[in-house]
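**Student:** have a look at this prediction, sequence included:
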Amino acid sequence: MHGLNVMSLNFLPQAKRLKPLSPLRPPPWLRGVFVLLYTLACSEYFQKGNTMKTTISVYDFRQAFHDMGRQNNFSYDGLRVLFEALEEYEESCGDEVELDVIALCCEYSEETLEEIASNYGYDLEGDDEDEQRDNLIDWLNERTFVCGYTKDNSIIYQSF
């Protein structure tokens, strides 16, 4: 028989008598250790990138925002601009971007020229709206990442 023979501890005056354990059933504390080790092994497996990836289109990108109830965070055209900026980032850096709708909604904003000027205390300069937009984008580019602008002149940028 392998393991500790509990009866051999009888000669010790202070020793408690332990119940012999069944060789097929580990003690409860050891079962907890097995569960913990299994959980850690699984989480390391998935953290090392052992997950399946899929390539999505702009339609799938928009649909993901709709499915998460975040379709109103960006306009239809704004989602296209954001998608194209993230796609360009992937191509230029070689890093894959994980689609996390909530994180994207927290990290990026779509606002009009007037909203940005009001929120950041910027004085809109220029003769026409295109010149104002270009000046504002230059100002934003000095402070954050600008994805682009929509047909309605809303700007999609990384919030700061």
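**Tutor:** Happy to help now that I have it.
**Student:** assign Ser95 to helix, strand or coil.
**Tutor:** Not Ser; residue 95 is Asp. coil (DSSP: H, G, I helix; E, B strand; the rest coil).
**Student:** got the confidence number for it?
**Tutor:** We have a pLDDT of 87 for Asp95.
**Student:** cool, Asp127 as well?
**Tutor:** Here, the pLDDT recorded for Asp127 equals 78.
**Student:** all strands for the protein, in order.
**Tutor:** Remark: strands assigned in the chain by DSSP state E are 108-111, 146-149, 155-158.
**Student:** same list (these) but as CSV, adding mean pLDDT, distance to Tyr59 and mean neighbour count.
**Tutor:** All C-beta atoms are positioned from the backbone trio N, CA, C, and that covers glycine. Formatted as CSV, the strands of the chain follow (pLDDT from 0 to 100; distance: least, C-beta to C-beta, whole Å; neighbours: other C-beta atoms under 10 Å):
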stretch, mean pLDDT, distance to Tyr59, mean neighbour count
strand 108-111, 97, 19, 20
strand 146-149, 96, 18, 20
strand 155-158, 96, 18, 21
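**Student:** okay, these in a markdown table with distance to Asp134 next?
**Tutor:** Listed next are the strands of the chain as a markdown table, based on distance: least, C-beta to C-beta, whole Å:
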| stretch | distance to Asp134 |
| --- | --- |
| strand 108-111 | 16 |
| strand 146-149 | 9 |
| strand 155-158 | 11 |
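**Student:** which stretch among the ones you listed comes nearest Glu131?
**Tutor:** Smallest distance to Glu131 across the strands of the chain (C-beta to C-beta): 13.1 Å, for strand 146-149.
**Student:** could you list the low-pLDDT ranges of the protein?
**Tutor:** 1-51 (pLDDT under 70).
**Student:** and Leu136, which of the strands of the chain is closest to it?
**Tutor:** Across these, Leu136 has its closest neighbour in strand 155-158 (6.9 Å, C-beta to C-beta).
**Student:** direction included, what does the closest one pair against?
**Tutor:** strand 108-111 (antiparallel), strand 146-149 (antiparallel) (DSSP bridges).
**Student:** can I get those in TSV including distance to Glu88?
**Tutor:** Below are the strands paired with strand 155-158 laid out as TSV (distance: least, C-beta to C-beta, whole Å):
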stretch	distance to Glu88
strand 108-111	14
strand 146-149	9
